[in-house]
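*Asks:* Show me how the following folds:
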Amino acid sequence: MVGAELKLGDCRNWREAEYRTALRAERIAKSRTVFSAIFTPCKSSSPEMVATASSDGRVAAYSIEPPRCSQLKKVDESELQLQCPASSEPLITLGKHDGPAYDLLLYGEGGRSLLLSCGDDGRIQGWRWDQVLERLRAGEKSGLGPRSALSPIPETNALAADEQANRLYSAAGDGCAYAWDMETGQSVMVYDGHSDYLHCIVSRASQNQIITGSEDGTAVIWDCRSGERVAALDPYKAVRVTKRTKDKSPWVSCMALDSSENWLVCGNGGRCVTLWSLPGLDAVTRIATLAVPQALTITDDQIVTVGAQPHLSRWSFGGTLLSQVKIAPPSALSVSVHSSGTTAIAGYGGLVDIITEFGSHLCTFRCFSTSSL
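*Replies:* Residues are numbered from 1 along each chain as shown. Next comes the predicted model:
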């Protein structure tokens, strides 16, 4: 070879077993899905950590503050899909479900709050956050047992809570929602009435109600005390918004309430988002989306959505697209907005994307763990 330098590797110390192990770990990391990523409690006004629930069943916490965050990928929006985000080891791995872990919820405020997780094994597990911090300060990285685990039921897909009533609510794969007493860890009520499994659940504590979203295409409002159905909301039967054809996949994929608990927004498998006024049970706005919405929230009178496309979108209550930011996950399954305006998005590829209130990318990383539980 003329004019070129030939570089040869030294194969005398070749360790095939180690190479195969590293290659397998890399492939597993790239095929991982993060179903939920939420900000953890902290004393500062800016977020410091995110907790994640992943398809390998792990519940873990990752740092997003400097200098650790500076070691992760900071990329321009135009380069976001072209570069391979850095893999990040968790600060601590809290536990593992037998099967994918689907949702996370913080119960309570401050250091004594509980981080709760649910998953495909039907178990709901919880960890005291102040004890997690103590173990972090002691240098521990894994092996925390859960504070409690509730009795197994069909896979648990989502969690909600009413802290004043000391109740936790879960949405399950048998089409039922369950109420749990947080003191005893026992189920105290079953809400049965959907014809298919549940994707999502929210608590409307001011009215002593919960709302469940199902594969059957409806969102049902329940009275928490009696267990009776109050109303069923079907986005495809709403008369005051633009009509949508009810196709083969009309499921209610995600839901969120605003702070007043008067507005409910639902994402549907038919590629639309519907805003409901709960006092009158009226659908007031329908937003057509390019892909299925898979997670959403309401903040500052804006609807924030992510789904089966690499974009974070913000909408007005009237349905106007206010902004759209490119994100790292090609398909996002979780969105969480911190009080500072910082947003965490997670999804396919084990990717977590942290975006500032101004729309710039603070850091992007791929969840990765070599620890075993």
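*Asks:* Do I have it right that L94 meets V59?
*Replies:* Yes. Counting by CB atoms under 8 Å, L94 touches V59, with 4.6 Å between them. For glycine as for every other residue, the C-beta is placed from the backbone atoms N, C-alpha and C.
*Asks:* which residues are in contact with both of those two?
*Replies:* 51, 115, 117, 127 (CB atoms under 8 Å, 6 or more residues apart in numbering).
*Asks:* buried subset of these?
*Replies:* Buried members of the shared contacts of L94 and V59, counted by 16 or more other CB atoms under 10 Å: 51, 115, 117, 127.
*Asks:* how would you label the last one: helix, strand or coil?
*Replies:* Following DSSP: H, G, I helix; E, B strand; the rest coil, the label given to W127 is strand.
*Asks:* Filter the shared contacts of L94 and V59 down to just the ones in strands.
*Replies:* 51, 115, 117, 127 (DSSP state E).
*Asks:* mind putting these in JSON lines, distance to L290 and pLDDT included?
*Replies:* Converted to JSON lines, these look like this (distance: CB to CB, whole Å; pLDDT from 0 to 100):
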{"residue": "A51", "distance to L290": "30", "pLDDT": "96"}
{"residue": "L115", "distance to L290": "34", "pLDDT": "95"}
{"residue": "S117", "distance to L290": "31", "pLDDT": "96"}
{"residue": "W127", "distance to L290": "38", "pLDDT": "93"}
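*Asks:* one step back: relative to I211, which of the shared contacts of L94 and V59 is nearest.
*Replies:* Lowest distance from I211 to these (CB to CB) belongs to S117, with 21.4 Å.
*Asks:* that older thread, between L94 and V59, which has more neighbouring residues?
*Replies:* V59 (28 against 24; other CB atoms under 10 Å).
*Asks:* and that one, bridged to which residues?
*Replies:* Beta-bridge pairing of V59 under DSSP bridges involves A53, G95.
*Asks:* quick one: it and S117 touch, right?
*Replies:* Yes. Shown here, V59 and S117 form a contact pair, counting by CB under 8 Å, at 4.7 Å.
*Asks:* Please enumerate the shared neighbours of these two.
*Replies:* Contacts common to V59 and S117, judged by CB under 8 Å, 6+ apart, are 53, 94-95, 97, 101, 104, 125.
*Asks:* Below-threshold pLDDT in the stretch 51-200 of the chain: ranges please.
*Replies:* 66-86, 111, 142-153 (pLDDT under 70).
*Asks:* For it, just list every one of the helices.
*Replies:* Taking DSSP state H, counting those that start in this stretch, the helices of the stretch 51-200 of the chain run over residues 129-137.
*Asks:* Which stretches in it count as strands?
*Replies:* 58-63, 86-88, 92-96, 101-107, 114-119, 124-128, 148-149, 156-162, 167-172, 176-181, 187-192, 198-204 (DSSP state E, counting those that start in this stretch).
*Asks:* what's the third one packed up against?
*Replies:* The one in question is strand 92-96. When contacts are defined as 3 or more CB pairs under 8 Å, 6 or more residues apart in numbering; DSSP states H and E, strand 92-96 sits against strand 58-63, strand 114-119, strand 124-128, helix 129-137.
*Asks:* got the contact list for the first one?
*Replies:* Translated: strand 58-63. Outside strand 58-63, the residues touching it (CB under 8 Å, 6+ apart) are 40, 48-54, 69, 88, 90-97, 101, 104, 115, 117, 125, 127, 132, 136, 352, 365, 367, 369, 373.
*Asks:* Just the buried ones out of those, please.
*Replies:* 40, 48-54, 69, 88, 90-97, 101, 104, 115, 117, 125, 127, 132, 352, 365, 367, 369.
*Asks:* Is the closest residue to V230 other than its chain neighbours in a helix, a strand, or coil?
*Replies:* Nearest residue to V230, sequence neighbours excluded (CB to CB, 6 or more residues apart in numbering): I221, at 4.2 Å. Three-state call for I221 (three-state DSSP): strand.
*Asks:* For beta bridges, what are the partners of I221?
*Replies:* I211, A231.
*Asks:* Let me see the confidence value for it.
*Replies:* Looking at I221, its pLDDT stands at 98.
*Asks:* what's it in contact with, if anything?
*Replies:* With CB under 8 Å, 6+ apart, I221 has these contacts: 204, 209-211, 229-233, 278.
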